[in-house]
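[1] Okay, here's the prediction I keep looking at, along with the sequence it came from:
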Amino acid sequence: MFFLKLSLLTLLAVASDLLVHAENVITCDGSVQHLSCDTGLINVMSAIYGRTDKRICTTGRPFSEIQNTACVLKIPIISARCNGLRQCEFKTDTLGSPDPCNGTDKYYNTTYNCIKGHVSVTCEDGYSTLDCGNDVIQIINANYGRTDSTTCSHGLPDTILADTNCYASGTLSIVATKCNGKSSCTVQASNTTFKDPCFGTSKYLTVSHHCLPHPVQTSVTCEGDNAVLTCGAGVLNIHNANYGRTDSTACSTGRPSSQTSKTDCYATNTLTEVTNRCEGKSSCVVPATNSVFSDPCYGTYKYLSIKYSCVVHNHL
């Protein structure tokens with residue numbers, strides 16, 4: 001048995017706030033591949049089956065079986081099984097990978113990141129509620145089925161816990177559709193939601209997700225017009241707002257430079273006024289006028305700038 005684990009890099013919030021560190025695991029065909037994250041969740045970047053090196057997995061192998069180093073087959077099932085878990089272990093010969101180069105001894109080469117995230121496990125017929133507060137949900141992976149004999153097993157007979165190769169193929173897409181981009185969502189761990197991937201086996205729903213900041217939108221409304229904010233099914237979350245002028249180009253068409261040159265113009269009551277009119281509503285109208293905000297810089301042509309995001313709440 002050959003098992004090689006190389007630490008590629010150890011990072012904290014470098015290149016991505018989600019990245020913790022990355023690993024590379026090489027496992028000889030027929031051996032057990034083990035991926036794990038002490039901190040964070042598994043995110044497979046590359047999974048290859050084949051041979052690209054004459055020095056790896058050579059013990060007891062004839063010379064003729066290790067010469068072909070141009071044998072490469074991508075294995076997406078490893079991503080599907082492991083992404084979003086803290087540990088993922090399986091015997092490689094259970095993957096059923098097709099043979100990319102007959103007569104060559106092959107191995108598995110998997111590179112993965114450990115990324116920040118959350119994992120929830122819900123036993124069959126329960127409800128999984130994900131909540132990101134003021135942020136939004138991004139699903140990493142999900143499975144309805146059973147991959148070990150101990151989770152959600154209390155008081156249950158061994159006969160309905162034995163199948164640990166149980167995966168509902170549509171789980172990820174169903175959960176992502178229900179939850180992505182929302183601040184909260186609830187999903188039932190049931191055969192009704194996902195169909196039954198292994199009849200007679202007691203199942204559970206495993207979901208891993210990130211909490212990401214809402215996409216922030218900017219509305220700019222010239223003086224005298226109305227700012228119209230709308231979020232469809234969601235509600236408005238106001239981040240910042242100013243009535244005045246902070247650059248010389250916005251709302252400047254046809255205006256003399258004397259009306260656009262002052263760029264340190266702030267109405268101190270803007271955020272309070274916009275929040276009172278818009279926060280938590282699906283839409284709102286705010287006039288960009290001196291009568292609403294008073295005049296913070298007489299003689300300057302002003303505009304109303306609002307930064308906001310849309311929050312979608314989805315509770316069952």
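    Sure, I can see it. Numbering: from 1, shown residues only.
[2] how far out from the middle of the chain is stretch 146-155?
    26 Å (Cα atoms, centre = their mean, to the nearest Å).
[3] Give me the residues contacting it.
    By Cβ atoms under 8 Å, 6 or more residues apart in numbering, the surrounding residues in contact with stretch 146-155 are 81, 121, 123-124, 158, 161-167, 198, 201-204, 206. For every residue, glycine as well, the C-beta is placed using N, CA and C.
[4] Mind listing what's buried along it?
    For stretch 146-155, the neighbour count (16 or more other Cβ atoms under 10 Å) marks 146-147, 151-153 as buried.
[5] One more: stretch 150-170?
    Buried residues in stretch 150-170 (16+ other Cβ under 10 Å): 151-153, 161, 163, 166-168.
[6] for the record, mean pLDDT for it?
    For stretch 150-170, mean pLDDT is 94.
[7] Same check on stretch 115-133?
    In the prediction, stretch 115-133 has an average pLDDT of 92.
[8] Please list the residues outside that stretch that contact it.
    By Cβ under 8 Å, 6+ apart, the residues outside stretch 115-133 that reach it are 16-20, 40-41, 43, 84-86, 137, 140, 151-152, 179, 183-190, 202-212, 315-316.
[9] Please flag which of the residues you listed sit within strands.
    Among the contacts of stretch 115-133, the ones falling in strands (DSSP state E) are 19-20, 41, 43, 137, 140, 184-188, 204-212.
[10] quick one: low-confidence parts of the chain?
    Scanning the chain with the threshold set as pLDDT under 70 gives 1-22, 313-316.
[11] At the geometric centre of it, which residue sits there?
    In the chain, the centroid-proximal residue (Cα atoms, centre = their mean) is Gln138; its distance is 3.5 Å.
[12] Next, count neighbours for the nearest residue in space to that one that is not next to it in sequence.
    Leaving aside its chain neighbours, Gln138 sits nearest to His210 (4.4 Å; criterion: Cβ to Cβ, 6 or more residues apart in numbering). Neighbour count of His210, defined by other Cβ atoms under 10 Å: 19.
[13] ok, of the buried residues of stretch 146-155, which one's closest to Lys281?
    Nearest to Lys281 out of the buried residues of stretch 146-155 is Cys152 (Cβ to Cβ; 41.1 Å).
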